[in-house]
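Asks: With the input below, show me the fold.
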Amino acid sequence: MTRSRRLLAPTLVACLLAMVGCAAGGDVTQPVPTTFVAAPQPAHRLVVMLPGRGDSLQKLTDTDVAGIIQQSWPDADVVLTGLTMPFYRQGRAVQRLHDEVIEPARRKGYEQVWLAGISLGGMGALLYDSEYPHQIDGLLLLSPYLGEDAIHQQIRDAGGLAAWQAGPPQTAGPDTFQHELWRSLQAWSGRPERTDSTWVAYGADEPFRHPIELMTPLLPDDHVIVLPGKHNWKLWKPAMRALLDRTELDAGDSRPAVKAEP
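Replies: This is a model prediction of the structure:
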């Protein structure tokens, strides 16, 4: 792992703190809180869920997102996480997600381990994939937060992400972290195993629509779903159902979409 990549997540979060409003709390002196929801059938895969900035572990539980997942994937265990803003503020959210949640899950021998993220959790999922690129079999991203307007306009002015000239890699800092995040996304053009195993859904009337549309050309057309709605659970519940159903249509069966390396 390069020094620039190691610094990306903590630097990003330090800058995000100035950009977001109220967020769910959490005690970083304790392990990342989780709730395990067993599959109604013998489990062959696991979905790990990352909350948005305003969500908590209890909120994820109350939304019954685990039940939504298991309606479409009855062979999936689900781990809901309380990886909330204080863990990101600590600067070790991605590392702790790996050490405390993902790595122990992989040792249980699931055929697939999927990472799902909402809003800020979607960015967390992308950061995790950037730092641990061979650990996750698939990504389910609901309205992922992808940074601020300046970098988006730079990419648009270049004619899109494929044409954007990122320049030499830079150490991630307050003025460069978003640039480096988008560089990691641009590199997906050489990672078909990732683009073929990533699905994105977002709302037609939400604030993150235009940045997300800079990312979606990297993905197969049928891996992107746009639904009526704004940036809230009224959108995300049907969006999750649609993503899960779409992955099943794409796969044709329950075999792993990507074979993760140990």
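
Asks: How about the secondary structure of residue 144?
Replies: coil (DSSP: H, G, I helix; E, B strand; the rest coil).

Asks: so how many other residues sit close to the closest residue to it other than its chain neighbours?
Replies: Among residues not flanking residue 144 along the chain, residue 122 sits closest, at 2.7 Å (CB to CB, 6 or more residues apart in numbering). All C-beta spots, glycine's among them, are computed from the backbone N, C-alpha and C. The local packing count at residue 122 equals 26, with neighbours defined by other CB atoms under 10 Å.

Asks: how about the helix or strand harbouring residue 122 as CSV, C-alpha atoms only?
Replies: Residue 122 belongs to helix 120-131 when elements are defined using DSSP states H and E. The C-alpha coordinates for helix 120-131 follow below in CSV (Å, rounded to 0.1, in the frame of the first residue of the first chain):
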residue,chain,number,x,y,z
LEU,A,120,-21.0,8.8,3.3
GLY,A,121,-21.0,5.0,3.7
GLY,A,122,-20.8,4.8,0.0
MET,A,123,-17.6,6.8,0.0
GLY,A,124,-16.4,4.6,2.9
ALA,A,125,-17.0,1.6,0.7
LEU,A,126,-15.0,3.1,-2.1
LEU,A,127,-12.2,4.1,0.2
TYR,A,128,-12.1,0.5,1.6
ASP,A,129,-11.8,-0.9,-2.0
SER,A,130,-9.0,1.6,-2.7
GLU,A,131,-7.0,0.4,0.3
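
Asks: what's that helix packed up against?
Replies: Judged by 3 or more CB pairs under 8 Å, 6 or more residues apart in numbering; DSSP states H and E, helix 120-131 is in contact with helix 3-16, strand 45-50, helix 85-89, helix 93-97, strand 112-118, strand 138-142, helix 177-186.

Asks: Export these as CSV, with columns for distance to residue 224 and mean neighbour count.
Replies: Listed next are these as CSV, based on distance: least, CB to CB, whole Å; neighbours: other CB atoms under 10 Å:
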stretch, distance to residue 224, mean neighbour count
helix 3-16, 24, 19
strand 45-50, 19, 25
helix 85-89, 26, 21
helix 93-97, 25, 23
strand 112-118, 16, 26
strand 138-142, 10, 26
helix 177-186, 14, 20
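
Asks: Residue 98 contacts residue 132, doesn't it?
Replies: Yes - the criterion here is CB atoms under 8 Å, and residue 98 meets it with residue 132 at 5.6 Å.

Asks: for residue 54, phi and psi?
Replies: For residue 54, the backbone dihedrals are phi -90, psi 0 (criterion: degrees, to the nearest 10).

Asks: burial of residue 134, as a residue count?
Replies: 13.

Asks: Residue 162 too?
Replies: Number of residues near residue 162 (other CB under 10 Å) recorded here: 11.

Asks: Distance of it relative to residue 60?
Replies: Residue 162 sits at a distance of 35 Å from residue 60 (criterion: CB to CB, to the nearest Å).

Asks: now do residue 197
Replies: Residue 197 is 23 Å from residue 60, where distance means CB to CB.

Asks: pretty sure residue 237 contacts residue 66?
Replies: No - if you go by CB under 8 Å, residue 237 and residue 66 don't touch, sitting 11.8 Å apart.

Asks: If you count surrounding residues, which of these two has more?
Replies: residue 66 (22 against 16).
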